[in-house]
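Engineer: Predicted model and sequence follow; I will ask about them next.
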There are 2 protein chains.
Amino acid sequence: MPQEMPASKIGLSAIILAAGEGKRLSGTSGVPKPLRRLLGLTLLERAVLSCKAAGVTQVYVAVGFKKEEIRAHLKDLQQKHQISIEAIDNSHWPEGNGTSVLACAGHTNSPFLVLMADHLIDPEAISQLIRRDQDKDSCYLLVDYRIDQVFDRNDATRVKVDNKHITDIGKHLKLYNAIDTGVFLCQPFLFQALNEARLEGDGTLAGGTGRLAKLGKMKAIDIKDRFWLDIDTPQALQYGRSQLLKRARKNEEDGYVAKLLNRRVSIGISKLILENPTTASINPTTISIISFLIILIGSALFLLRGSVASIVAGVLIQFGSILDGTDGELARLTFRTSPFGAWLDTLLDRYGDMAVAIGVTLRFWMKHPTGWIVLGGMGALAGFLLASYTKKEFTLRYGKGVPNSAWTNLVKRDLRLFAVFIGAIAGFPYFALLFVGLLSHIGIARLVYGVRKSTRAS
Amino acid sequence: MPQEMPASKIGLSAIILAAGEGKRLSGTSGVPKPLRRLLGLTLLERAVLSCKAAGVTQVYVAVGFKKEEIRAHLKDLQQKHQISIEAIDNSHWPEGNGTSVLACAGHTNSPFLVLMADHLIDPEAISQLIRRDQDKDSCYLLVDYRIDQVFDRNDATRVKVDNKHITDIGKHLKLYNAIDTGVFLCQPFLFQALNEARLEGDGTLAGGTGRLAKLGKMKAIDIKDRFWLDIDTPQALQYGRSQLLKRARKNEEDGYVAKLLNRRVSIGISKLILENPTTASINPTTISIISFLIILIGSALFLLRGSVASIVAGVLIQFGSILDGTDGELARLTFRTSPFGAWLDTLLDRYGDMAVAIGVTLRFWMKHPTGWIVLGGMGALAGFLLASYTKKEFTLRYGKGVPNSAWTNLVKRDLRLFAVFIGAIAGFPYFALLFVGLLSHIGIARLVYGVRKSTRAS
């Protein structure tokens, strides 16, 4: 994340290699590989945005094959994403991808990143690479030791790592213990190594880095469990799509209903939105607002008499709850997460909770106008809002999330709205509301009790 | 604060000088100066707790005059505050306070703090002293450049500082630009300097530090606007009391009503509690709970018919609101702030808000049982809870408090409960509730609008 970057890294530049032909993927479609779309963004756009998210402020893109198309796209990207991008011509691209790095030699100052336009890479992995204390006499390569899990392993560039030093690198190594992820942090002496390799007839980047490896100047950094993928084939593109969607689900914070039901639908909606060119650029905050409005309408429907209104209200509320997952998914899938978006989304969630509690309470009160009904409705409303409030306050005071337990899952919004949905269909939304309201207060009390106990113990 | 301490400071020790007679303060009362009480804690206890709050884990206290009394007190302190304290005998105390530091020579390892038992010092000032990068060839002294504002200036130890180096130190300097606050960060070579000074007939700490100053080994660190006070006289004790009370008010977060009314009363209550031996050790959290219960009773009284019940309810709620300031004041005045205490206090505040909204709404609803009344009450309740929620969420997302404006002051709890109090006395608590509920929602909307605007602009 950009805000975690040390100040000294501001101003880092990156070279993205986008000059090759990429036959196996682009061959049939006519679209050059870097311009292939994946969930609303081109592969090249994803590489640029990964760099930007890791704190890179200047990107050089080496272009060759179908360079005019790619140049035009880069111009769009620069405007759309407010990052400085320069296209660098590499007419020698058929000689190998090392010539693309060489073409940028006059532009970058040390150190600089090198990435592939056809690789997906988690920005956190790039951050990890540039955060590390740089030894100015070495180039660094992010490597993946999970050899068995690498997609299309047979086509990957192999790396032999000995005590963090890369001793050999190449497509055809027999002995190797890691895979090249295609993300480098380099020093300018790489250019000389590339030149030497090229003079000996090897124009590839691996030719240059292999030379540095022999000199003891290439080091490996473990990407650990962060995501990367080399997209060479339609199968890889398909696999990349499913992986990005899986990672956008943000499972660790989801409650039971979110995991089992809501996410399965919301991620499908996200996919539909991103793969349709007319909807791909919808702002995630727009989805937050639509989700809120749907819940608002559902809540208002409770005021109409009859069981049909109640059922429709319940369905709308559950649909709004599902759609509430889509905004975050869209933001994560397209590098559009923002503090404002996250903040507004949470506020709208709470206002939605308020609307539901009011709608359900007034419906039941119209039939049974007693003070107890009002008391129960207000208590449930407070329970909903305070369940969230308690957790947020805890994080503020303790600098960490609340300890996980079955109870923390029982006071989450997904369950709350699902209970109202079921209650509305079954004809007793008010009692469902009371039930989850009560659960919320019990959950808060248990949390306070548990924290007090562990505070005393320490 | 301890949690801000870098790990390297863990294990720091402090020497507290408590061997002297302190005639001007203790002369008449018979109580040795370090054992004089100020707002519930002895001066020595305040010095120990300031050290603890700054991350000190081992305290050595040099004792001499009335040492058995002080030893017994230290034993209590060690148990009560869970910090390792060792009393060190200094039979040479009449020769000067330097002999007390010398008596501890065999115990401390480098670096160590030196403090006076009769000085009040803000723990943040100590943290500032130990956080700074230590140059192992120097001792550091916290100095105060606000010479004109130093209490009992004529009796203070004077310091001449030249470009952060202390060039001279002593009670009778003619030329000086700062005052010695009595808080040092020292290296073991101080012991040698103290020995040399003593051999020449000067047993004071200033004798030793003056020597180091001449050798260029004493550096000054500006205490800036942090609080410290040398307590030599009953007047100084009185001044210290008023300063501690003033600083416990925590003005910057207070709303209008808190500033103008609530704090004036709550700080008086805090003073009464701390100066009465039977109440001095009341836990701040107990006060949070009492404040909550008073508001709960007030809210319940709204359900009784008649205007007297309403007036008493309003008064109780306003009193609870005032008392809600006392818990934090007590905690700050006696070094008992804790994440759990702050967290629970905030939760009880919200539950109190809930009770008030429910009580006021039900009262009015009993007279006018319409759906609109229920809607208004629930809306106001949500406004109260969400005004706080919105601010907390903002802080979580942006890592800072909400931008200050007149509106942020209008959605604070002090004003909210004061409005209900006035409404209850005037006979229209429900409309007061609606009014502040509405204010809360407008405040939230304005905040969202303002943040969105500034996000767009940047």
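Structural biologist: Yes, it's here.
Engineer: where do the helices sit along the stretch 201-350 of chain A?
Structural biologist: A:205-214, A:234-247, A:256-257, A:263-275, A:284-301, A:307-333, A:339-367 (DSSP state H, counting those that start in this stretch).
Engineer: what about the residue lying closest to A:Phe112 once chain neighbours are set aside, neighbour count?
Structural biologist: Spatial nearest neighbour of A:Phe112, chain neighbours left out: A:Ser13 (4.9 Å); criterion: C-beta to C-beta, 6 or more residues apart in numbering or on different chains. C-beta here means a position set from N, CA and C on the backbone, and glycine is covered the same way. Counted with other C-beta atoms under 10 Å in any protein chain shown, residues neighbouring A:Ser13 total 20.
Engineer: now A:Leu272
Structural biologist: 11.
Engineer: Which elements pack onto the helix or strand of chain A with the lowest mean pLDDT?
Structural biologist: Across the helices and strands of chain A, mean pLDDT, DSSP states H and E gives its lowest value to helix A:23-26, namely a mean of 69. If you count contacts as 3 or more C-beta pairs under 8 Å, 6 or more residues apart in numbering or on different chains; DSSP states H and E, helix A:23-26 packs onto helix A:234-247.
Engineer: Send me the helix it packs on as CSV with only the CA atoms.
Structural biologist: Below are the C-alpha coordinates for helix A:234-247, written out as CSV (Å, rounded to 0.1, in the frame of the first residue of the first chain):
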residue,chain,number,x,y,z
PRO,A,234,-5.9,-18.7,-22.7
GLN,A,235,-5.9,-21.3,-19.9
ALA,A,236,-3.6,-19.1,-17.9
LEU,A,237,-5.9,-16.1,-18.5
GLN,A,238,-8.9,-18.2,-17.3
TYR,A,239,-6.9,-19.3,-14.2
GLY,A,240,-5.9,-15.7,-13.5
ARG,A,241,-9.5,-14.6,-13.6
SER,A,242,-10.6,-17.2,-11.1
GLN,A,243,-7.7,-16.4,-8.8
LEU,A,244,-8.3,-12.7,-8.8
LEU,A,245,-12.0,-13.3,-8.1
LYS,A,246,-11.1,-15.7,-5.3
ARG,A,247,-8.7,-13.2,-3.7
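Engineer: so how far is A:Cys139 from the closest residue to A:Arg153 other than its chain neighbours?
Structural biologist: For A:Arg153, ignoring the flanking residues on the chain, the nearest one in space by C-beta to C-beta, 6+ apart is A:Ile147 at 6.7 Å. To A:Cys139, A:Ile147 is 22 Å away according to C-beta to C-beta, to the nearest Å.
Engineer: So between those two, which is more surrounded?
Structural biologist: A:Cys139 (24 against 15).
Engineer: Wait, that one touches A:Ile221, no?
Structural biologist: No: A:Cys139 is not in contact with A:Ile221 according to C-beta atoms under 8 Å; the separation is 10.8 Å.
Engineer: got the contact list for the closest residue in space to A:Ile289 that isn't next to it in sequence?
Structural biologist: Sequence neighbours aside, A:Leu348 is the residue nearest to A:Ile289 in space, at 6.8 Å (criterion: C-beta to C-beta, 6+ apart). Contact partners of A:Leu348, counting by C-beta atoms under 8 Å, 6 or more residues apart in numbering or on different chains, are A:Ser288, A:Ile289, A:Ser291, A:Phe292.
Engineer: mind running it again at 10 Å?
Structural biologist: Residues near A:Leu348 by C-beta atoms under 10 Å, 6 or more residues apart in numbering or on different chains: A:Thr285, A:Ser288, A:Ile289, A:Ser291, A:Phe292, A:Leu293, A:Ile295, A:Leu296, A:Asp324, A:Asp327, B:Val448.
Engineer: So which of those is the closest to A:Ala236?
Structural biologist: Nearest to A:Ala236 among the contacts of A:Leu348, counting by C-beta to C-beta, is A:Asp327 at 28.4 Å.
Engineer: ok, the residue in the stretch 51-200 of chain A that chain B sits nearest to - contacts?
Structural biologist: Per C-beta to the nearest C-beta, A:Gln82 is where the stretch 51-200 of chain A lies closest to chain B, at 11.2 Å. Taking C-beta under 10 Å, 6+ apart as the contact definition, A:Gln82 lies against A:Lys52.
Engineer: and what of A:Ile444?
Structural biologist: Contacts of A:Ile444 (C-beta under 10 Å, 6+ apart): A:Ala382, A:Gly383, A:Leu386, A:Ala387, A:Tyr389, A:Thr390, A:Lys391, A:Trp407, A:Val411, B:Leu347, B:Arg350, B:Tyr351.
Engineer: A strand includes it, no?
Structural biologist: No: if the criterion is DSSP: H, G, I helix; E, B strand; the rest coil, then A:Ile444 is helix and not within a strand.
Engineer: Near the residue nearest to A:Lys171 when sequence neighbours are not counted, how many other residues are there?
Structural biologist: Closest residue to A:Lys171 apart from its sequence neighbours, by C-beta to C-beta, 6+ apart: A:Thr157 at 5.6 Å. By the measure other C-beta under 10 Å, the count of residues near A:Thr157 is 23.
Engineer: pretty sure A:Thr157 contacts A:Phe184?
Structural biologist: No: at 11.6 Å, A:Thr157 does not count as touching A:Phe184 under the criterion of C-beta atoms under 10 Å.
Engineer: who touches both of these two?
Structural biologist: In contact with both A:Thr157 and A:Phe184: A:Leu141, A:Leu205, A:Thr209, using C-beta under 10 Å, 6+ apart.
Engineer: how about those in a markdown table, adding distance to chain B and pLDDT?
Structural biologist: Listed next are the shared contacts of A:Thr157 and A:Phe184 as a markdown table, based on distance: C-beta to the nearest C-beta, whole Å; pLDDT from 0 to 100:
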| residue | distance to chain B | pLDDT |
| --- | --- | --- |
| A:Leu141 | 32 | 95 |
| A:Leu205 | 38 | 94 |
| A:Thr209 | 38 | 94 |
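Engineer: Out of those residues, which is nearest to B:Ala355?
Structural biologist: A:Leu141 (61.8 Å).
Engineer: Report all helices and strands that the helix or strand where that closest one lies contacts.
Structural biologist: In this assignment (DSSP states H and E), A:Leu141 forms part of strand A:139-144. Packed against strand A:139-144, as judged by 3 or more C-beta pairs under 10 Å, 6 or more residues apart in numbering or on different chains; DSSP states H and E, are the following elements: strand A:112-116, helix A:123-131, strand A:158-162, strand A:165-170, strand A:178-186, helix A:189-199, helix A:205-214, strand A:218-222.
Engineer: could you redo the last one with a cut-off of 6 Å?
Structural biologist: Secondary-structure packing of strand A:139-144 (3 or more C-beta pairs under 6 Å, 6 or more residues apart in numbering or on different chains; DSSP states H and E): strand A:178-186, strand A:218-222.
Engineer: Let's have these in CSV, adding distance to B:Lys271 and mean pLDDT.
Structural biologist: Listed next are these as CSV, based on distance: least, C-beta to C-beta, whole Å; pLDDT from 0 to 100:
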stretch, distance to B:Lys271, mean pLDDT
strand A:178-186, 61, 95
strand A:218-222, 59, 94
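Engineer: From the chain's centre, how far out is the host helix or strand of A:Arg452? Work that out for me.
Structural biologist: Here A:Arg452 sits within helix A:429-457, counting by DSSP H and E. For helix A:429-457, the separation from the chain centroid amounts to 32 Å (computed by C-alpha atoms, centre = their mean, to the nearest Å).
Engineer: what angle do it and helix B:339-367 make?
Structural biologist: 150 degrees (axes from the mean of the first three to the mean of the last three C-alpha atoms, to 10 degrees).
Engineer: So for helix A:429-457, mean pLDDT?
Structural biologist: For helix A:429-457, mean pLDDT rounds to 94.
Engineer: Stretch A:397-415 now?
Structural biologist: 88.
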